[in-house]
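Student: Compute the structure for the input listed below.
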Amino acid sequence: MSGFTRVGLVVVGSVALAATVLATPEPRATWNLPTIAPANSPWHTALLDMGAAINKDTAGRVKITVFPGGKLGGEPSVVRALRAGSFDISLLMLSGLAQIDEGFNALGVPFFFKDDAEATAVRDALTPMLEKRIAANFHLLAWTHGGWVQLFSKKPLKTLQEIKQANLWTSDGDVKMLSWYKANGFHPVALDAKDVASALQIGTIDATPSPAYAASLLNMNTLAPNMLDVKVGPLLGAIVVTRKAWNALSPEDQAKVTAAAKVFEQSTSVTIPAKEAGAVVEMSKRGLTVNKMAQKDADELHAQIDKLVTSMRGDMVPADMYDAAKAARDARRK
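Tutor: Model (predicted):
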């Protein structure tokens, strides 16, 4: 109910006094939104547009300030801060989302998807399950697309064995992924995403998975001038709000925030994948070498990966989420 004035009657002795009681104003929220999305990137711009729309549509009752580029910490620390109530909202990629709930790992299984249509079909099928899994603590506001992950490295990597020998970046805080890599013969190095560039520079790692467009924005070609032309999978992300912060909004403001967030989802899910090919061309002009696998090496990679990803079921990926993802993907393929 909007603000209003109610007149009550207060009796002091024999004197009647009119007392004006102002109702409590509608809830207001000021949210800081940390993200590792680079400053001035399409994700950052779309978040700013979303924040402006929300501020306007709610008449200033909900205000969002965006902090890009990991300024307020990497995803592991942001997730901890969300749980502690230090932040109310964040745009997280799958590695961060998986620290909220491992069910999100079902969307990040390597070589699981052939194209965006499959990834979108599975994402949409799993969304109600994920919303239910996180409902006690978080509200899933909108999805985003980070592009298709490929492998960037200091020296050419063209076989599975060469990939296994490389010091490969993996997200800090994802203990199960780290264990999975090690158990299958890889050499993972767990780091905060914001430290990847410096780690490449000093040699802590010599290879990192990354979507091409994001790599272009970060000038990855100067630190890892080789790219293996094998698409690992789409990098998905989502905006999540803490349940406490979400429930503090009126239903009317929740609807307005949701509408603006869906515009963000539609915008980034279309514009980012469209920039992938152009990003590779642009980096090639700046010194990037695109390496292709020989057919026998590609066949070996896929044969081994098929076995490796199956081992994720029931461990890294909850069995019911893995099965639901596979069913949705196979249905799309039919």
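Student: going forward, measure contacts and count neighbours with C-alpha atoms only.
Tutor: Will do.
Student: could you pull out the helices for the stretch 201-334 of the chain?
Tutor: Secondary structure of the stretch 201-334 of the chain (DSSP state H, counting those that start in this stretch): helices at 212-217, 243-247, 251-274, 276-285, 295-310, 319-333.
Student: right, so those: which one is the most enclosed?
Tutor: Most buried of those by mean neighbour count (mean count of other Cα atoms under 10 Å) is helix 212-217; its value is a mean of 22.
Student: which helices and strands does that helix pack with?
Tutor: In terms of contacts (3 or more Cα pairs under 8 Å, 6 or more residues apart in numbering; DSSP states H and E), helix 212-217 is packed against strand 138-153, helix 276-285.
Student: worst average pLDDT in these?
Tutor: Looking at the helices and strands packed on helix 212-217, the lowest mean pLDDT belongs to helix 276-285 (a mean of 93).
Student: helices or strands next to that helix in the packing?
Tutor: In terms of contact count using 3+ Cα pairs under 8 Å, 6+ apart, helix 276-285 is assigned the packing partners helix 212-217.
Student: quick one: average pLDDT of the helix it packs on?
Tutor: This predicted structure assigns helix 212-217 an average pLDDT of 92.
Student: could I get the helices and strands packed on helix 212-217 as JSON lines with distance to T258?
Tutor: Below are the helices and strands packed on helix 212-217 laid out as JSON lines (distance: least, Cα to Cα, whole Å):
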{"stretch": "strand 138-153", "distance to T258": "6"}
{"stretch": "helix 276-285", "distance to T258": "28"}
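Student: I'd like to know which of those lies nearest to V270.
Tutor: Ranking these by their distance to V270 (criterion: Cα to Cα) puts strand 138-153 first, at 8.0 Å.
Student: out of the helices of the stretch 201-334 of the chain, nearest to P110?
Tutor: Between P110 and the helices of the stretch 201-334 of the chain, the shortest gap by Cα to Cα is with helix 295-310, which sits at 6.9 Å.
Student: who does the closest one touch, helix- and strand-wise?
Tutor: Secondary elements touching helix 295-310 (3+ Cα pairs under 8 Å, 6+ apart): helix 160-165.
Student: one more time with 10 Å, if that's ok
Tutor: Helix 295-310 is packed against helix 160-165, helix 175-183, with contacts defined by 3 or more Cα pairs under 10 Å, 6 or more residues apart in numbering; DSSP states H and E.
Student: among those, which gets the worst mean confidence?
Tutor: Out of the helices and strands packed on helix 295-310, the stretch the model trusts least by mean pLDDT is helix 175-183, with a mean of 88.
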